[in-house]
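>>> need a 3D model of the following:
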Amino acid sequence: SHIIWRWKVIGGNHWLAVEERKHTDWLGEQRNKPEMQTWLAVLVLALATASSVSAFYIPGVAPQEFQEGEEVELKAVKLTSIHNPLPYEYYFLPFCRPEKLVKRAENLGEVLRGDRITNTPYRLHMRKDIACQLLCHDQGAKSKSINKQMTTRLAKFIKQDYRVHMLVDNLPSATSVTVNGKTTYIEGFPVGLYMETTKEYVLYNHVDFTIKVHQYAIGQWRIVAFEARASSIDPSSYTIEEGGRCSVGKAPQPLMVTPDKLGKDDTMKVMFTYGVTWEESDIAWASRWDAYLRMTDSQIHWFSIINSFITVVFLTGVCAVIIVRTLSRDIARYNEEDEDDAMEPTGWKLVHGDVFRAPPHVSLFVTMVGSGVQLLSMFVVTLAFALLGMLSPASRGALMSVAIFVFVFMGSIAGYYAARLYKTLGGQNWKQTSIQMAIFFPGIVFSMGLFLNFFIWGKHSSGAVPFTTMIALFCMWFGISLPLVMSGFFFGYRKGPFELPVSVNQIPRQIPVQPWFLSPVASMLIAGLLPFGAVFIELFFIYSAIWENQFYYLFGFLFLVFIVLVIACSEITIVLVYMQLCAESYEWWWQSLLTSGGVAIYVFLYSIFYYVRKLRIDDVVASMLYFGYSALMSFGFFLLTGTIGFFASFWFIRRIYGAIKIE
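As a prediction, the model looks like this:
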């Protein structure tokens, strides 16, 4: 026999399986060869080790088998709402608690997402159905008492459409919704229902869990689906039996939450109950995420891709006209003119002695470009991991954790290129500039996050970053990122500057009055419109994943959109920089960065549009959180796209001035 290693990708789940297959014919042909004897010995040893193993799985996504009657743990994650970006712990509401609260250790991404995974008093056993079970009650009573304060909190959460998120075998709970014959799944289940016509609050105090299992082997079962459907039942409709078992009448009345009718010391009686139904399913464990990730809007994504490529084709045509027809003709005419009948240079050729003159505020310019290189490297590496399937939704918080760690370790690459640019511009104080670059963007993010964190703490939200996590991030910043940036700066500065095709004159040339459309503000608005038009549809799905707690897994589409964004930003910046040079202005350094970064203006405007049209946030702190994080994302997008435009312009200018003969 020999071993076949197979990488299998189904429905966002990935694992490496080792399978044993017998090929006696193959061994018969090869065993007489002397060079195969050693390999056969190795294979026999491998078979001896793997004979009792049917599969090996990547840690974190390995399946778990349950035997019939074995306890299955149900965990609570958090409470979220599409109308309020503040998440809360499950026990922030007066739900039934277990005797001993056990919290699971979350990774960095889960902590920053507001996940607080903990145990619950629900008792589930493999393939043991429960029609109705009382979850908890006060001592000497059959119900749980809720005071006026908690009742008011329940009403507020019901009105804001908060949903409960739970886990069974790392599979999130979901509610199935059928629209036009198509079944989709919404993560979690609602806390209750707010009836706008009567201004009443209905509390969902009963949850029916439907758990589908697949038989992996005789007596071994794997969980492949976890559905939850909540309902409201008034305590008067229950009949409590021995052992906490319960039954419900034929026409149960809903349980209304009425905080206005309660006095200061009054309480409300609630019975929290649940039911469990186990169903055998043909769904394989590898495909259990398909229901969550089923794409119902593929046509929209393809429309986005086609729209983006049309934009790129248009920009490419404009660049072709400029470079192939105008620019090539100018260079050829300039180089072929006779020495005796030399023509006076015009347009962009006039500024050849000033085009590489250092811009004002060199240190700040290099800092922003270096930060953009770090963000661009982080995005590319993280996207590569995602495309390889290493950041599937089964690995909770992995995407954010990997992005943060990659950003930290990309500091050396960013420092290297920033240092070479700094030396090209004649910078001398590289140590101070490297420190400035290392603390620039992380310092802005950390300051904004710390400021918002005080308000989130005041709301007792689980979205508040714990103090220990902030200390850990601070140590990563100054203990890893800062030294890496400085080391990259050191080696880049020693490497030397970028090679420039022409020298810089000692006396700067006077710049004539520029057209209005080449002003920084106008250029940003003009240049940012086309790249934004190429990516705004995908931006909608990204915002939905961030603010509406949806899964984002379409990294293939994101990769195509990113390629389009890079091309669009590069080409539109090259066109405007060329027009600026033709207008005899050599101050293109900052202009290229600002021009390409103008797409961030439209990203922030889209954030405002999304806030007004999609979200119904009526809380001041929640609004501050939304706009604070949106501003940070827009600024990061500005640095990323601005850096793309700058390096494209830098390459373009070095090419055109390197193609002409300068005496």
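
>>> from here on, contacts and neighbour counts on C-alpha atoms
Will do.

>>> can you pull out the low-pLDDT segments for the protein?
Low-confidence segments of the chain (pLDDT under 70): 1-61, 138-141, 294-301, 322-347, 661-663.

>>> and Ser487, helix, strand or coil?
helix (DSSP: H, G, I helix; E, B strand; the rest coil).

>>> and it, how far from Ile435?
Ser487 sits at a distance of 11 Å from Ile435 (criterion: Cα to Cα, to the nearest Å).

>>> for Met256, same thing?
According to Cα to Cα, Met256 and Ile435 sit 59 Å apart.

>>> same check, this time on Tyr553
From Tyr553 over to Ile435 (counting by Cα to Cα), the distance is 36 Å.

>>> one more: Glu242?
Plainly put, Glu242 is 69 Å away from Ile435 if you go by Cα to Cα.

>>> more crowded one of those two?
Using other Cα atoms under 10 Å as the criterion, Glu242 and Ile435 rank with Ile435 on top: 17 against 6.

>>> gap between the more buried one and Leu112?
Using Cα to Cα, we find Ile435 at a distance of 26 Å from Leu112.

>>> okay, buried residues for the helix ranked longest in the chain please.
If you go by DSSP state H, the chain has its longest helix at helix 620-658. By 16 or more other Cα atoms under 10 Å, the buried positions in helix 620-658 come out as 621-623, 625-626, 628-650, 652-654, 656-657.

>>> so Ser145 sits against Asp265, correct?
No - contact criterion Cα atoms under 8 Å: Ser145 and Asp265 do not qualify, at 11.4 Å.

>>> settle it for me: which of these two has more neighbours?
Using other Cα under 10 Å, the more surrounded residue of Ser145 and Asp265 is Ser145, with 18 against 8.

>>> how would you label that one: helix, strand or coil?
Secondary structure, three-state DSSP: Ser145 is strand.

>>> what sits closest to it if chain neighbours are left out?
Lys269 (4.8 Å; Cα to Cα, 6 or more residues apart in numbering).

>>> please report the distance of that neighbour from Val566.
Going from Lys269 to Val566 by Cα to Cα gives 60 Å.

>>> please apply the same query to Pro63.
Distance from Pro63 to Val566, by Cα to Cα: 40 Å.

>>> ok, now Thr273?
Thr273 is 54 Å from Val566, by Cα to Cα.

>>> more neighbours, those two?
Neighbours per residue (other Cα under 10 Å) separate Thr273 from Val566, with Thr273 holding more: 23 against 18.

>>> that one contacts Phe209, correct?
No - with contact defined as Cα under 8 Å, Thr273 and Phe209 do not form a contacting pair (11.2 Å).

>>> how about the helices in the stretch 51-200 of the chain?
108-113, 148-159 (DSSP state H, counting those that start in this stretch).

>>> any chance you could map the helices in the stretch 201-350 of the chain?
Under the criterion DSSP H, counting those that start in this stretch, helices of the stretch 201-350 of the chain are mapped to 290-293, 298-320, 328-336.

>>> okay, now Cys366: neighbour count?
No, residue 366 isn't Cys; it's Val. 25.

>>> residues in contact with it?
Residues near Val366 by Cα atoms under 8 Å, 6 or more residues apart in numbering: Ala418, Ala419, Leu421, Tyr422, Met437.

>>> which residues touch the closest residue in space to Ala131 that isn't next to it in sequence?
Take Ala131 and drop its neighbours on the chain: the residue closest to it by Cα to Cα, 6+ apart is Gly275, 4.9 Å away. Remark: with contacts taken as Cα under 8 Å, 6+ apart, Gly275 is in contact with Asp129, Ile130, Ala131, Cys132, Gln133, His206, Val207, Asp208, Phe209.

>>> noted, bye for now.
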